[in-house]
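Visitor: I would like to see how this sequence folds:
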Amino acid sequence: GETDTGAECSGHGVVRSWMSGDVCACEAGFVQADPTVLACEPTQDVCAPGPIEAFDVDGDGVEDTWFEPSLMECLLFELVNRTRANHDDEGHAECHAPLMYDPDWTAHARRHSMEMYQQDSVFFDDLPPGVAAQNAGHADSGPQDMMGVLMAGDHCPEATPHCTLMGCPWAQVGIGLYPPDEGPYFTQNFL
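Guide: Alright, predicted model coming up:
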């Protein structure tokens with residue numbers, strides 16, 4: 001179970017104390033960017049454009065070296081960390097530490113979502129080197145609906161998207177949508 005410590009996370013969230021450690025439950029527009037620092041930072045500063053390892057993100061045959069996440073991709077990243085901070089694990093083997101944003105694997109996630117969009121089906125690739133787990137899906141109405149799809153399953157140790165999202169081994173996540181501004185296809189790469 002969880003307790004609210006009453007402490008604040010830089011004025012934009014509260015500290016929640018779980019058996020797995022203290023985390024920030026940040027308010028909308030903010031995210032805990034580093035699991036070792038109890039502070040909420042603006043999501044736009046964490047989920048921000050930047051250089052990536054050369055990769056053809058949009059399938060045009062040109063390797064991109066710069067990636068700009070969409071507003072919806074950043075919102076889904078924010079919702080993942082808010083869910084991890086607030087979700088009652090009901091005593092199951094789930095973790096609450098925030099996941100750090102990874103622009104390289106967000107670019108790969110967007111490409112995977114684009115391929116699902118083009119094929120009009122949800123599928124899982126062989127995981128690229130470095131990716132430990134992947135959630136992929138289709139949702140009708142944006143990031144809130146996507147979180148509903150992901151969290152609909154049973155608690156761990158079931159092999160469900162819920163369990164993957166709340167998994168303990170992960171430190172980073174890359175989240176891509178296609179089309180980038182709305183979905184309906186989404187991919188989450190966990191590292």
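Visitor: what are the ranges of the helices in the chain?
Guide: Listed in chain order, the helices found in the chain under DSSP state H are 43-46, 71-86, 103-119, 143-150, 161-165.
Visitor: Alpha carbons only: can I get stretch 156-164 in CSV?
Guide: Taking Å, rounded to 0.1, in the frame of the first residue of the first chain, the C-alpha atoms of stretch 156-164 are listed here in CSV:
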residue,chain,number,x,y,z
CYS,A,156,1.4,-8.8,-12.0
PRO,A,157,2.6,-11.5,-12.3
GLU,A,158,0.3,-12.0,-15.3
ALA,A,159,1.9,-11.3,-18.7
THR,A,160,-0.3,-8.3,-19.5
PRO,A,161,0.3,-4.8,-20.8
HIS,A,162,-0.6,-3.7,-17.2
CYS,A,163,2.2,-5.8,-15.8
THR,A,164,4.7,-4.5,-18.4
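Visitor: how far out from the middle of the chain is it?
Guide: 15 Å (CA atoms, centre = their mean, to the nearest Å).
Visitor: Repeat that for stretch 154-165.
Guide: Offset of stretch 154-165 from its chain centre (CA atoms, centre = their mean): 15 Å.
Visitor: Now the terminal residues of that stretch, how far apart.
Guide: 12 Å (CA to CA, to the nearest Å).
Visitor: can you list contacts of it?
Guide: Stretch 154-165 has contacts (CB atoms under 8 Å, 6 or more residues apart in numbering) with 80, 83-84, 89-90, 92-94, 133-135, 137, 149-153, 166-167, 188, 190. C-beta coordinates here come from the backbone N, C-alpha and C atoms, glycine included.
Visitor: Which of these fall within strands?
Guide: Under the assignment DSSP state E, the contacts of stretch 154-165 contribute 133-135, 137, 188, 190 to strands.
Visitor: quick revisit: turn the helices of the chain into JSON lines, including mean pLDDT.
Guide: As requested, the helices of the chain are exported to JSON lines (pLDDT from 0 to 100):
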{"stretch": "helix 43-46", "mean pLDDT": "97"}
{"stretch": "helix 71-86", "mean pLDDT": "96"}
{"stretch": "helix 103-119", "mean pLDDT": "95"}
{"stretch": "helix 143-150", "mean pLDDT": "89"}
{"stretch": "helix 161-165", "mean pLDDT": "91"}
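Visitor: For E27, find the nearest of these.
Guide: Nearest to E27 among the helices of the chain is helix 71-86; the distance by CB to CB comes to 8.7 Å.
Visitor: any idea how far that closest one is from the chain center?
Guide: For helix 71-86, the distance to the chain centre is 6 Å (CA atoms, centre = their mean).
Visitor: center of the protein - which residue?
Guide: Centroid-nearest residue in the chain, with CA atoms, centre = their mean: F77, separated by 4.0 Å.
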